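> Predicted coordinates and the sequence they were generated for:
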Amino acid sequence: MAALKITKDNFEAEVIKSDKPVLLDFWASWCGPCQQLSPIIEELAAEVTTAKICKVNVDEEMDLAKQFRVMSIPTLVVMNQGEKLSSSMGVKTKEEILEMLKI
């Protein structure tokens, strides 16, 4: 399964009301490090069943980027039951991201 695209329209249903933890990857198409992280995010989306793996395009969803105070991309945010649990900036390894998802 591919990473779920999050927009302001589906944010509440897919993230806030999610019954699973959610990993949000804030990214942009022009961002080199984001392109480096993208295959890892897609791999996690295909493998992880205990969490939702999602992507937020900061160019398309500026309001969400502002809401999460994203200053640099890629930024990863872990949410659970509508609450921000952790965040991290920069490229991470698959193992580091899996560690972030251990709730």
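Great, that's in hand. The model shown is predicted, which means the values in this text are computed figures rather than measured ones.
> Show me what the single longest helix found in the chain is packed against.
In the chain, assigned by DSSP state H, the helix with the most residues is helix 32-47. Counting by 3 or more CB pairs under 8 Å, 6 or more residues apart in numbering; DSSP states H and E, the packing neighbours recorded for helix 32-47 are strand 22-27, strand 52-57, helix 94-100. Where C-beta positions appear, they are placed from N, C-alpha and C, glycine not excepted.
> so what's the residue nearest the centre of the chain up against?
The residue lying closest to the centre of the chain (CA atoms, centre = their mean) is Leu24, at 1.5 Å. Contact partners of Leu24, counting by CB atoms under 8 Å, 6 or more residues apart in numbering, are 6, 15, 54-56, 68, 76-79.
> Compare these and tell me which has the most neighbours.
Val56 (25 neighbours; other CB atoms under 10 Å).
> Residue ranges in this protein under the pLDDT threshold?
103 (pLDDT under 70).
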